[in-house]
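Peer 1: Fold the following.
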Amino acid sequence: MNEHTLKGRVALITGAGSGLGEATARAMGAAGCNMACVDIDSAGAIRVCDEIKQQDVMALALRCDVSDTDAVTTTVNVVYEQLGRLDIVVNCAAVDYTYSVEELTLEQWDRAVNVNLRGPFLLAKAVFPIMRRQGGGHIVNIGSTAGLRAWANASVYHATKWGMIGFSRGLGVEGREAGIRVTTIIPGGMRTHFFDRFKVQGIPMPDPENLQDPAIVADAIVYAVQVSPESAVQELMITPVNETSWP
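Peer 2: Down below sits the predicted model:
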């Protein structure tokens, strides 16, 4: 199989029912990649999956809570059994709670850590044996500029995204001898549903002009997984030109 093309390769995308996950699934499908659209929102996963199938690729829609060990193991097994291989995993699923430490509940802290960090760990643990047998693979973890800087009322999101960068670096070292590459994509603000909670909480919305189309970030992900196997994109930061959270 030509390592420089996605045609015929199989990807598992978490959070594929909306936002960056949806954009990534569409970009991978357009490049000829077969895939599993995985999301806790089964309706969203089905919608995206059905639309991707029109690009003449195979696609599965699977509901999965990425923080659930058994659900992740089952999902990975189903993808491998039905699509025959598993070349790429993109961990887009994430949650956030915009509260001060005094307001943030223990349940909210645990949920964010479990989805944003435990989830990628569980996926890696499940797919490493498969990728090792195949002779290689690629895991893409989605970080954030929130993993490099900090602001108020985002402590749990900062903790998980800083943790994601560290986890990815360690995972990449472990995967080298098996040909498993790990890339951390570090996007700035995107025009997705991610800021919907701001409206509910009465927090001023960011200016859409200071946000980027998630499709642009998805294109960066497609680029990273098509780099020649003799090299690896370790980390890639992509922000709007006028990103307000970065110099």
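
Peer 1: Residue 141: what's it in contact with?
Peer 2: Applying C-beta atoms under 8 Å, 6 or more residues apart in numbering to residue 141 gives the contacts 91, 120, 164, 167, 168, 171, 182, 183, 184, 185. Backbone N, C-alpha and C define where each C-beta goes, glycine included.

Peer 1: Alpha carbons only: can I get stretch 155-171 in CSV?
Peer 2: What follows is stretch 155-171, C-alpha atoms only, in CSV (Å, rounded to 0.1, in the frame of the first residue of the first chain):
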residue,chain,number,x,y,z
SER,A,155,-8.3,25.1,34.6
VAL,A,156,-9.6,21.6,33.7
TYR,A,157,-9.4,22.3,30.0
HIS,A,158,-5.8,23.6,30.4
ALA,A,159,-4.9,20.5,32.5
THR,A,160,-6.2,18.1,29.9
LYS,A,161,-4.7,19.8,26.9
TRP,A,162,-1.3,20.3,28.6
GLY,A,163,-1.6,16.6,29.5
MET,A,164,-2.4,15.7,25.9
ILE,A,165,0.8,17.2,24.7
GLY,A,166,2.9,15.3,27.2
PHE,A,167,1.0,12.0,26.7
SER,A,168,1.5,12.3,22.9
ARG,A,169,5.2,12.9,23.2
GLY,A,170,5.6,9.8,25.4
LEU,A,171,3.4,7.7,23.2
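
Peer 1: Wasn't residue 139 part of a strand?
Peer 2: Yes - counting by DSSP: H, G, I helix; E, B strand; the rest coil, residue 139 falls inside a strand.

Peer 1: related to what we said a few turns ago, with distance to residue 134, secondary structure and neighbour count as new columns, can the contacts of residue 141 be given to me in a markdown table?
Peer 2: Output for those, formatted as a markdown table (distance: C-beta to C-beta, whole Å; DSSP: H, G, I helix; E, B strand; the rest coil; neighbours: other C-beta atoms under 10 Å):
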| residue | distance to residue 134 | secondary structure | neighbour count |
| --- | --- | --- | --- |
| 91 | 19 | strand | 30 |
| 120 | 20 | helix | 27 |
| 164 | 25 | helix | 23 |
| 167 | 22 | helix | 19 |
| 168 | 20 | helix | 25 |
| 171 | 17 | helix | 19 |
| 182 | 16 | strand | 25 |
| 183 | 18 | strand | 24 |
| 184 | 22 | strand | 27 |
| 185 | 23 | strand | 25 |
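
Peer 1: For the residue nearest the centre of the chain, give its distance to residue 120.
Peer 2: Nearest to the mean C-alpha position of the chain, counting by C-alpha atoms, centre = their mean, stands residue 92 at 2.1 Å. Using C-beta to C-beta, to the nearest Å, residue 92 is found at 10 Å from residue 120.

Peer 1: repeat for residue 39
Peer 2: Relative to residue 120, and taking C-beta to C-beta, residue 39 is found at 15 Å.

Peer 1: Go through the contacts of residue 141 and name the one nearest residue 70.
Peer 2: residue 120 (16.8 Å; C-beta to C-beta).

Peer 1: right, and that closest one touches residue 166 too?
Peer 2: No - judged on C-beta atoms under 8 Å, residue 120 makes no contact with residue 166 at a distance of 11.6 Å.

Peer 1: so which strand or helix has the closest residue to residue 51 other than its chain neighbours?
Peer 2: Of all residues not flanking residue 51 in the chain, residue 26 sits nearest, at 7.6 Å (C-beta to C-beta, 6 or more residues apart in numbering). Assigned by DSSP states H and E, residue 26 belongs to helix 19-30.

Peer 1: which residue ranges form the strands in this structure?
Peer 2: All strands of the chain, identified by DSSP state E, fall at 10-14, 34-39, 59-63, 88-91, 137-142, 180-187, 235-238.

Peer 1: helices or strands next to the longest one in the packing?
Peer 2: Judged by 3 or more C-beta pairs under 8 Å, 6 or more residues apart in numbering; DSSP states H and E, strand 180-187 is in contact with helix 119-134, strand 137-142, helix 155-175, helix 214-225, strand 235-238.
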